[in-house]
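Student: predicted model and sequence follow; I will ask about them next.
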Amino acid sequence: MKKRTSVKLIRRIVQIIFFLLIFLVVIGHYLEESGITIPFIKGASLHAVCPVGGVVTIYQYITTGTFVQKVHEASFYLMIIVFLTAIIAGTIFCGWVCPFGSFQEWISYIGKKIFHKKYNHFIPKRLDSILRYLRYLVLIWVLVMTAISAKLVFANFDPYFALFNFWTGEVAITGYIALGLVIVLSLFVERPFCKYACPYGALLGLTNFFRIFSIRRNQKSCISCKACDKACPMNIEVSTKSMVKDHQCISCLACTSEAACPIPETLDLKTSQSGKNKALKLDAKRTALLLIVIILGGIFILSALGLWKTESTKTPVRFTTGEFAGLANPSDIRGSYTFEDIEKNFAVPATILAEAFALDTSVKSANEYKAKDLETFYQDMSEGIEGEVGTDSVRLFVSLYLEMPYEPEETTLLPNPALNILRDKGLISDEKFQLLKEKSVSPTFVNVDSQVSSSASVEKLVKGQTTFLDLLDWGMTKTQIEEIMGKPYNSSSQTVRDFSLENGLEFSDYKEAIQKILDTL
């Protein structure tokens with residue numbers, strides 16, 4: 001009993017340490033959005049410390065040298081670090097480190113209290129053996145769809161992401177459903193997501209076939225008491241194997257002589273014995289030390305070398321074929337991109353972006369705005385409207401501005417100033433303008449500090465600072481304006497007065513004519 005308590009206690013401490021580290025990263029990222037920074041994890045997010053991101057971005061990294069949206073360099077290096085631990089001792093990441101695996105395990109205590117010996121034995125063995133391969137189908141689907149879309153498609157269904165972001169408003173309804181389902185199933189089955197759906201567990205599980213340290217059973221000293229079978233959370237029949245090569249083993253050591261097996265030196269995590277060379281063994285303490293040294297030590301070394309970067313790279317993926325081959329693809333614009341980043345990569349001026357999205361540049365430079373800021377600025381205005389203005393709106397505007405192909409999300413909206421700029425520059429047809437107009441928003445605020453400035457109370461009066469964009473926003477058409485002015489204007493941001501002076505026109509005369517039309521609108 002003392003040994004069993006020791007193994008459980010050591011593993012529990014390691015699980016709690018890594019769970020709290022991830023929780024701290026998530027909280028730090030949330031606070032950073034409010035301007036509060038935690039020094040050691042500045043810029044980090046859940047995506048930055050998740051090795052799964054490194055796996056799903058491999059194809060894009062090999063083909064283009066860039067990462068999938070939201071994936072960071074840190075997650076790519078973390079993937080390599082975790083694979084190193086897996087080559088040494090199999091899926092110890094799953095059994096000792098993964099916060100979501102630990103979460104399911106902790107929920108299982110409730111199920112064990114309710115169902116006792118019946119717990120984790122509700123599903124018939126034959127059906128269970130088939131269901132365990134579902135996670136490989138999930139893995140294939142995730143890899144293929146991510147390679148095609150260059151987006152983290154699994155994020156919308158990921159219960160792990162939902163668990164650590166349920167209060168942020170960033171979780172899709174499918175994520176909440178997945179999390180709820182896992183919590184309920186954990187009351188009946190131990191680690192249901194790990195067993196049946198985790199794509200990363202599926203991949204790491206393959207290392208159980210060639211790892212250096214394996215769960216090995218001494219058949220000579222084994223008394224076939226099956227205590228190891230009962231202790232295994234993954235329902236593996238350890239008592240029938242000389243060496244556990246099962247793809248579901250999570251190397252938790254719950255079955256070993258240090259924990260469940262009553263006979264010393266009978267069941268251990270160790271290397272094979274070669275001739276006179278004695279097998280090397282990993283007990284709970286050494287396993288914990290191994291994980292801490294390799295994972296935390298690896299992160300420390302990468303940080304010292306300047307390679308541990310927890311912020312997304314600002315180099316978007318490029319078109320590889322067609323007339324735009326070699327040019328940056330607007331579909332890879334990320335929420336963390338500032339307008340300056342977009343100007344650098346796509347040659348769309350930051351000032352144009354600020355004008356298009358009606359942002360106040362008197363209190364904050366156009367270069368400083370980030371694409372994801374729009375979701376906050378337009379949040380109140382989107383109530384009651386089917387759709388939103390956000391990062392995808394920036395992608396759509398940039399693609400139209402550069403006349404590049406892009407398929408926006410169905411819920412993506414553009415503000416009216418953006419449409420007017422595109423029309424004024426002849427970048428979209430009147431027909432396209434009308435189609436986009438049906439999915440547009442009239443900005444009701446532009447102040448980054450207050451984010452509340454109703455346009456409903458603004459009088460439609462032509463003054464010296466009135467721009468052509470103002471006239472368009474107030475309901476006049478471009479045709480009406482140009483008929484009054486007698487010639488087309490080049491920029492919607494230009495004031496009517498400046499245009500009049502530049503073209504030798506009398507501002508007061510045209511002001512009166514324009515005002516008459518505005519009074520009828």
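Tutor: Nice, thanks for sending it over.
Student: and the helix ranked longest in the chain, average pLDDT?
Tutor: Determined from DSSP state H, the single longest helix within the chain is helix 2-32. The pLDDT scores in helix 2-32 average 83.
Student: which elements pack onto it?
Tutor: When contacts are defined as 3 or more CB pairs under 8 Å, 6 or more residues apart in numbering; DSSP states H and E, helix 2-32 sits against helix 99-115, helix 284-291. All C-beta spots, glycine's among them, are computed from the backbone N, C-alpha and C.
Student: after the last one, next one along is what?
Tutor: Once the chain leaves helix 284-291, the next helix or strand it forms, by DSSP states H and E, is helix 297-304.
Student: same thing with the longest one?
Tutor: Beyond helix 99-115 in the direction of the C-terminus, DSSP H and E gives the next helix or strand as helix 125-131.
Student: any idea of the mean pLDDT for that following helix?
Tutor: In this model, helix 125-131 has an average pLDDT of 94.
Student: list the contacts of that helix.
Tutor: Residues outside helix 125-131 that contact it (CB atoms under 8 Å, 6 or more residues apart in numbering): 123, 195-196, 235.
Student: of those residues, which belong to helices?
Tutor: Among the contacts of helix 125-131, the members falling in helices (DSSP H) are 195-196.
Student: and which of the contacts of helix 125-131 is nearest residue 22?
Tutor: Nearest to residue 22 out of these is residue 195 (CB to CB; 21.5 Å).
Student: returning to what we had before: for the helices and strands packed on helix 2-32, give me CSV that also has mean pLDDT and distance to residue 348.
Tutor: What follows is those, written out as CSV (pLDDT from 0 to 100; distance: least, CB to CB, whole Å):
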stretch, mean pLDDT, distance to residue 348
helix 99-115, 96, 39
helix 284-291, 94, 46
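Student: out of the ones you listed, the one nearest residue 167 is which?
Tutor: Evaluated over those, closeness to residue 167 peaks at helix 99-115, with 15.8 Å, by CB to CB.
Student: how about the closest one: buried residues?
Tutor: For helix 99-115, burial by neighbour count (16 or more other CB atoms under 10 Å) applies to 99-105, 107-108, 111.
Student: and stretch 360-374, average pLDDT?
Tutor: 84.
Student: hang on, residue 97 packs against residue 16?
Tutor: No - with contact defined as CB atoms under 8 Å, residue 97 does not reach residue 16; the gap is 11.0 Å.
Student: the two - which one has more neighbours?
Tutor: residue 97 (23 against 13; other CB atoms under 10 Å).
Student: show me what contacts that one?
Tutor: Residue 97 is in contact with 14-15, 18, 291, 295, counting by CB under 8 Å, 6+ apart.
Student: before we move on, what about residue 179?
Tutor: Contacts for residue 179 (CB under 8 Å, 6+ apart) come out as 159, 162-163, 166.
Student: gap between it and residue 224?
Tutor: From residue 179 over to residue 224 the distance is 40 Å, taken as CB to CB, to the nearest Å.
Student: so which of the buried residues of helix 99-115 is the closest to residue 309?
Tutor: Among these, and counting by CB to CB, the member closest to residue 309 is residue 99, at 21.7 Å.
Student: ok, which stretches of the stretch 301-450 of the chain are strands?
Tutor: Listed in chain order, the strands of the stretch 301-450 of the chain (DSSP state E, counting those that start in this stretch) span 414-415, 440-441.
Student: need these in TSV (columns: mean pLDDT and mean neighbour count).
Tutor: Output for those, formatted as TSV (pLDDT from 0 to 100; neighbours: other CB atoms under 10 Å):
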stretch	mean pLDDT	mean neighbour count
strand 414-415	90	24
strand 440-441	82	20
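Student: can you put the buried residues of helix 99-115 in CSV and add distance to residue 319?
Tutor: Below are the buried residues of helix 99-115 laid out as CSV (distance: CB to CB, whole Å):
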residue, distance to residue 319
99, 38
100, 36
101, 39
102, 42
103, 41
104, 42
105, 45
107, 46
108, 48
111, 51
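Student: what is the nearest of those residues to residue 393?
Tutor: Closest approach to residue 393 among the buried residues of helix 99-115 (CB to CB): residue 100, at 32.1 Å.
Student: show me the contacts for that closest one.
Tutor: When contacts are counted by CB under 8 Å, 6+ apart, residue 100 touches 159-160, 163, 193.
Student: quick revisit: most neighbours among the contacts of residue 97, which one is it?
Tutor: Within those, residue 291 tops the neighbour count with 23 neighbours, counted by other CB under 10 Å.
Student: buried only: go through the contacts of helix 125-131 for me.
Tutor: Buried residues within these, defined by neighbour count using 16+ other CB under 10 Å: 123, 195-196, 235.
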